[in-house]
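*Asks:* Take this sequence and fold it.
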Amino acid sequence: MRLLITLVALSVATWAADNSIGTWKRNVAKSVSNPPSNNPIKSTTMVREANGPDGVKVTSTGVRQDGTRVSWTYTAKLDGTEVPVLGDAPFDILSVKQIDANTFTQSARKKDSKYNTTGRFVLSEDGKTFTLTTKGTNADGQPYTQKLVYDRQ
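*Replies:* A predicted model of the protein is given here:
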């Protein structure tokens with residue numbers, strides 16, 4: 001019986017792990033947006049911190065192509081609950097759901113705007129690359145897709 005309890009506890013702990021915790025820098029050369037104007041970023045650093053047993057705090061800072069700084073943050077449970085995004089992101093509401101230790105789904109939208117996306121974050125098997133693939137509509141209601149690649153720092 002003890003063995004069964006131990007195995008269940010280890011399984012739950014393994015599933016609940018979040019291997020994305022850490023600092024990530026966007027690899028602009030490997031990232032693609034279609035149309036490109038939807039993602040005018042020159043550089044971005046994303047810091048993902050554990051927040052309680054089933055949450056994450058994410059802070060992104062960077063620079064747009066025109067030189068202006070960009071920064072936003074959110075704290076979310078990994079259960080798909082919508083949370084506010086603070087700062088100057090193109091979205092102001094986000095939800096994140098953890099599928100397993102290396103995979104997350106995400107929805108982002110902006111109130112009073114046509115901006116609405118869904119996406120999937122996947123951590124590579126070697127733990128060095130975190131890729132977000134999204135599709136949706138921009139603030140003007142035009143469809144777009146993007147693949148954002150982040151390298152672990």
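*Asks:* Neighbouring strands - and their directions - for the host helix or strand of Y150?
*Replies:* Y150 belongs to strand 143-152 when elements are defined using DSSP states H and E. As defined by DSSP bridges, the strand partners of strand 143-152 come to strand 22-26 (antiparallel), strand 32-34 (antiparallel), strand 129-137 (antiparallel).
*Asks:* Span of stretch 57-72 from start to end?
*Replies:* 11 Å (CA to CA, to the nearest Å).
*Asks:* Redo the strands paired with strand 143-152 as a markdown table? Include distance to K110.
*Replies:* (Glycine included, C-beta is placed from N, CA and C.) Below are these laid out as a markdown table (distance: least, CB to CB, whole Å):
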| stretch | distance to K110 |
| --- | --- |
| strand 22-26 | 21 |
| strand 32-34 | 17 |
| strand 129-137 | 10 |
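*Asks:* Can you lay out those strands as JSON lines showing distance to T73, mean neighbour count and mean pLDDT?
*Replies:* What follows is those, written out as JSON lines (distance: least, CB to CB, whole Å; neighbours: other CB atoms under 10 Å; pLDDT from 0 to 100):
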{"stretch": "strand 22-26", "distance to T73": "14", "mean neighbour count": "18", "mean pLDDT": "98"}
{"stretch": "strand 32-34", "distance to T73": "22", "mean neighbour count": "15", "mean pLDDT": "91"}
{"stretch": "strand 129-137", "distance to T73": "17", "mean neighbour count": "18", "mean pLDDT": "97"}
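*Asks:* Report the beta-bridge partners for the most centrally placed residue in the chain.
*Replies:* Closest to where the C-alpha atoms of the chain average out (CA atoms, centre = their mean) is F121, at 6.1 Å. Beta-bridge pairing for F121 (DSSP bridges): F104, L132.
*Asks:* if we look at the sheet, which residues does the residue nearest to V32 when sequence neighbours are not counted bridge to?
*Replies:* Leaving aside its sequence neighbours, V32 sits nearest to K147 (CB to CB, 6 or more residues apart in numbering; 5.0 Å). K147 forms beta bridges with V32, T133, as assigned by DSSP bridges.
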